[in-house]
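Peer 1: 3D, please:
(chains A and B)
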Amino acid sequence: GNSVTQMEGPVTLSEEAFLTINCTYTATGYPSLFWYVQYPGEGLQLLLKATKADDKGSNKGFEATYRKETTSFHLEKGSVQVSDSAVYFCALSSSMEYGNKLVFGAGTILRVKS
Amino acid sequence: KAGVTQTPRYLIKTRGQQVTLSCSPISGHRSVSWYQQTPGQGLQFLFEYFSETQRNKGNFPGRFSGRQFSNSRSEMNVSTLELGDSALYLCASSMDEQGYNEQFFGPGTRLTVL
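Peer 2: Reported below is the predicted structural model:
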């Protein structure tokens, strides 16, 4: 079946450090890939997405590139801020399934210290 | 445009009771999906409704059910509550029947079963 694997957290960084959160996936067909962010006490917000191989999604300084050859979609940011502290979820939506169904990774807690 | 709203935000029930949660999607969105979020299992897909029909279903027992009304508002019901049903229940809406549409999440309903 479809699945998403994320690096375990928590990840603790100092402000202005470089961030990488690894995400790999297993899926049939050609999935779309997403990164969602969840702030404390809130629902999920879409951070970025990529719908086909070699697409790069970007938003608010975060980037991720859809790598079909390595089945990966790693999240990166060049300089994190305290306000980036949250839980980050990698997710996929399979082209082999009708409708909207997201399969999520376990989530990675990011803590940024000032 | 108003976002996805969920009511109630918090709920406390006892084992054996039943509960109904409500979700109002973004205006114009016809697809509503439900997810369960727990510390142990993470984010898991419950079901999706589109035009009042269940289009997709996750691996949950029959105690979990849902429906969608003609105005796209959706409810989910859990009967004979168990302690393990304690979770954050998230609703997400998206615009139409095509895949890869962005899903917009509500803030969730926090259900506690005692």
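Peer 1: around chain B, pick out the residues from chain A.
Peer 2: Contact residues (C-beta under 8 Å from any C-beta of the partner chain) of chain A with chain B: A:32, A:36, A:41-46, A:49, A:51, A:89, A:91, A:93, A:95, A:97-107. C-beta: built from backbone N, CA, C; applies to glycine.
Peer 1: are any of those buried, and which?
Peer 2: By neighbour count, with 16 or more other C-beta atoms under 10 Å in any protein chain shown, these hold A:32, A:36, A:43-44, A:46, A:49, A:51, A:89, A:91, A:93, A:95, A:97, A:99-107 as buried.
Peer 1: quick one: contacts of the helix or strand in which A:Ile109 is found?
Peer 2: Following DSSP states H and E, one finds A:Ile109 within strand A:108-113. Strand A:108-113 has contacts (C-beta atoms under 8 Å, 6 or more residues apart in numbering or on different chains) with A:6-15, A:17, A:19, A:21, A:80-89.
Peer 1: kindly supply the PyMOL command isolating those of those that are buried.
Peer 2: Under the burial definition 16+ other C-beta under 10 Å, those of these that qualify are selected in PyMOL by:
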select buried, chain A and resi 6+7+11+13+19+21+80+84+85+86+87+88+89
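Peer 1: so which of the residues of chain A next to chain B belong to strands?
Peer 2: Counted as lying in strands by DSSP state E, out of these, are A:Ser32, A:Tyr36, A:Leu44, A:Gln45, A:Leu46, A:Lys49, A:Phe89, A:Ala91, A:Ser93, A:Val103, A:Phe104.
Peer 1: those: which two are farthest apart?
Peer 2: By the measure C-beta to C-beta, A:Gln45 and A:Val103 form the most distant pair in those, at 18.0 Å.
Peer 1: how about the helices of chain B, start to end?
Peer 2: In chain B, no segments count as helices under DSSP state H.
Peer 1: beta-bridge partners for the spatially most central residue of it, please?
Peer 2: In chain B, the centroid-proximal residue (C-alpha atoms, centre = their mean) is B:Trp34; its distance is 3.2 Å. Note on B:Trp34: beta-bridge partners B:Phe47, B:Cys91, judged by DSSP bridges.
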